[in-house]
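Engineer: 3D, please:
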Amino acid sequence: MNAKPKYLTGAKRQLALAKTLKYEGYRKLKWRELLALNKLLASEKLVEHEGRFVINSFLPPFPSRAFASLAQGVSRLARGVAAPISAYIAVTDACRYRCPHCSKAGRKGEPLSFGELARVVSDTQREGVSIVGFTGGEPLLEPRLEELIASVDERSVSLLFTSGDGLSPKRAKSLADAGLFGAAVSLDSFDEAEHDAGRGMQGAFKAAVEGVASLKEAGAYAMTQIVATRERCDPRWMEKYLAFVRSLGVEEVRLLEPMPCGKILKGHGDWRISKEQHEYLKRLHVESNSDRKSVKVSSFAFIEDVSRYGCGAGFQHFYIDVLGNVQPCDFTPVSFGNVRREPLRQALDRMQKAFSRPRGKCFMLENGDRLAGSCCAETPIPSEEAAKVVDFGETGELPAFYHALGWRDSSAENLGQ
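Structural biologist: Predicted coordinates:
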């Protein structure tokens, strides 16, 4: 029997959130800014996990030193200074599965060595991020993954993004002992045959389900992650899925829209969900998190909406692929430099100059068609080539998060890097 997650709503939720006011970065904010930020969290129920509270997996838990890093970053943003909050690092390109939406497709070259990966982790933390995520390929195929996780000090929390392949109770305990906070296991369906077919591997469903159980046993924050395709945006289908993962005891479900990346970018096809389905995913976030008995849902469609935080790719978030390319996110196949050839900060300067302002909509959902036309046999695309077909700048409405921090709708009036 899987232990049920402990969710906080109402007055208990507000009392827990009040504890965030002790952090120095938040104490520097004006009261009207704090009230506006609190209003943005109205559609989030908290998860109590191992004596700490989780707003969602896009933010570190509190109380923690990592949350202090987040608060400092928010304080910097309020002063108009760019402050990355999270970074994901691909530690291997190896994987036994063949998923059509995999963002690692098309990359060729020599993967980063363990020593290079260790340096990347250190350099990433130096940028002030509060979350360091490890991905792949299948990151569990990196034999020294625990060493990389252990190298992440208390300024950040570490997350793992995995198919569950190889996530045994012994491996989960080893990861947790190394300091892993949580992991998102890709689970595409409540139906075993459907999941296995999508992953191109018989037994993938069993591995994912057992992986979730292993995480729970090890005391890690356990999540599932799913791409909400057209078929999965059927409310009846989604209701069955959420009931199933709730029975597994997962604490959060990360709900992604289909993205034009990997093989989908190359082959394209009819991958987009409808506007009505996009709105459904937004409502699902609100409805699930207003009910203390439902599993917590973190829908990208809601979180990245202009009424919330917008798209943080290249501005609040960055990704380093297995070859060392520095990208806005793992779905955006554009490189702004390579950590083998230059310091991380130099590549980030270049990227933050291009993404000088937060976006109200997902960059790839808006520009995937243009980038697909310029793709060659290999990805990622050099930024100077991508700039010929897409405009990295943003002139639309600012996301509500930045309005809450006092930003105006002109980037020149805000950002002082």
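
Engineer: for this structure, name the helix or strand with the lowest mean pLDDT.
Structural biologist: helix 262-267 (a mean of 58; mean pLDDT, DSSP states H and E).

Engineer: quick one: the closest residue in space to residue 355 that isn't next to it in sequence and residue 359, what's the gap?
Structural biologist: In space, and not counting its chain neighbours, residue 355 is closest to residue 314: 3.2 Å by CB to CB, 6 or more residues apart in numbering. In short, each C-beta sits where N, CA and C put it, glycine included. Distance of residue 314 to residue 359, given as CB to CB, to the nearest Å: 9 Å.

Engineer: so for those two, which sits in the more crowded spot?
Structural biologist: residue 314 (28 against 24; other CB atoms under 10 Å).

Engineer: if you skip the residues just before and after it, what's nearest to the residue positioned nearest the centre of the chain?
Structural biologist: In the chain, the residue lying closest to the centroid (CA atoms, centre = their mean) is residue 58, at 5.9 Å. With sequence-adjacent residues excluded and distances taken as CB to CB, 6+ apart, residue 58 is closest to residue 303, at 6.4 Å.

Engineer: do a quick rundown of the strands in the stretch 201-350 of the chain.
Structural biologist: Using DSSP state E, counting those that start in this stretch, the strands of the stretch 201-350 of the chain run over 221-227, 252-256, 297-299, 317-320, 326-327, 334-335.

Engineer: quick one: buried residues of stretch 383-398?
Structural biologist: The neighbour-count criterion (16 or more other CB atoms under 10 Å) identifies 383, 386, 390, 392, 394, 398 as the buried residues of stretch 383-398.

Engineer: first-to-last residue distance for that stretch?
Structural biologist: Chord length of stretch 383-398, first to last residue, is 24 Å (CA to CA, to the nearest Å).

Engineer: same deal with stretch 222-240?
Structural biologist: Stretch 222-240 end-to-end distance (CA to CA) = 19 Å.

Engineer: list the contacts of the residue nearest to the centre of the chain.
Structural biologist: 85-86, 131, 298, 303, 309 (CB atoms under 8 Å, 6 or more residues apart in numbering).

Engineer: low pLDDT regions in this structure?
Structural biologist: 1-2, 103-106, 262-269, 374-377, 395, 410-417 (pLDDT under 70).

Engineer: identify the residues contacting residue 290.
Structural biologist: Residue 290 touches 9, 43, 45, counting by CB under 8 Å, 6+ apart.

Engineer: for residue 159, list each beta-bridge partner.
Structural biologist: residue 133, residue 182 (DSSP bridges).

Engineer: give me the number of residues near it?
Structural biologist: Going by other CB under 10 Å, the residues that sit close to residue 159 add up to 25.

Engineer: ok, the one 10 residues further on next?
Structural biologist: When neighbours are counted by other CB under 10 Å, residue 169 registers 15.

Engineer: what of residue 348?
Structural biologist: 22.

Engineer: only alpha carbons, please: show stretch 156-170 as CSV.
Structural biologist: Backbone C-alpha positions of stretch 156-170 (Å, rounded to 0.1, in the frame of the first residue of the first chain) are rendered in CSV as follows:
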residue,chain,number,x,y,z
SER,A,156,20.3,23.9,-4.9
VAL,A,157,18.1,20.8,-4.9
SER,A,158,18.6,18.0,-7.4
LEU,A,159,15.9,16.4,-9.6
LEU,A,160,16.0,13.4,-11.9
PHE,A,161,14.0,12.9,-15.1
THR,A,162,13.9,9.2,-16.0
SER,A,163,11.9,6.6,-17.8
GLY,A,164,12.3,4.4,-14.7
ASP,A,165,14.4,1.9,-16.6
GLY,A,166,16.8,0.6,-13.9
LEU,A,167,15.2,2.4,-11.0
SER,A,168,15.3,-0.5,-8.6
PRO,A,169,14.8,0.0,-4.8
LYS,A,170,18.6,-0.3,-4.4
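
Engineer: mind listing what's buried in it?
Structural biologist: Buried residues in stretch 156-170 (16+ other CB under 10 Å): 156-165, 167.

Engineer: for residue 331, state which of the residues you listed is nearest.
Structural biologist: Proximity of those to residue 331 (CB to CB) peaks at residue 161, which lies at 12.4 Å.

Engineer: just confirm the closest one is within a helix.
Structural biologist: No - per DSSP: H, G, I helix; E, B strand; the rest coil, residue 161 lies outside any helix segment and is strand.

Engineer: distance of it from residue 185?
Structural biologist: Applying CB to CB to residue 161 and residue 185 gives a distance of 9 Å.

Engineer: shared neighbours of these two, anything?
Structural biologist: With CB under 8 Å, 6+ apart as the test, residue 161 and residue 185 both reach residue 225.

Engineer: sorry, back to before: please narrow the contacts of residue 58 to those residing in helices.
Structural biologist: residue 303 (DSSP state H).

Engineer: I'd like the contacts of residue 58 laid out as TSV, including distance to residue 378 and neighbour count.
Structural biologist: As requested, the contacts of residue 58 are exported to TSV (distance: CB to CB, whole Å; neighbours: other CB atoms under 10 Å):
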residue	distance to residue 378	neighbour count
85	30	23
86	26	25
131	29	24
298	32	22
303	31	21
309	32	20
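
Engineer: work out for me the element residue 119 sits within.
Structural biologist: Using DSSP states H and E, residue 119 falls within helix 114-126.

Engineer: and that helix, what does it pack against?
Structural biologist: strand 86-90, strand 131-135, helix 145-150, helix 344-354 (3 or more CB pairs under 8 Å, 6 or more residues apart in numbering; DSSP states H and E).

Engineer: rebuild these as JSON lines, extending it with distance to residue 365.
Structural biologist: Shown next, in JSON lines, are these (distance: least, CB to CB, whole Å):
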{"stretch": "strand 86-90", "distance to residue 365": "19"}
{"stretch": "strand 131-135", "distance to residue 365": "20"}
{"stretch": "helix 145-150", "distance to residue 365": "31"}
{"stretch": "helix 344-354", "distance to residue 365": "18"}
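
Engineer: which of those sits closest to residue 118?
Structural biologist: Of the helices and strands packed on helix 114-126, the one closest to residue 118 (CB to CB) turns out to be helix 145-150, at 6.5 Å.
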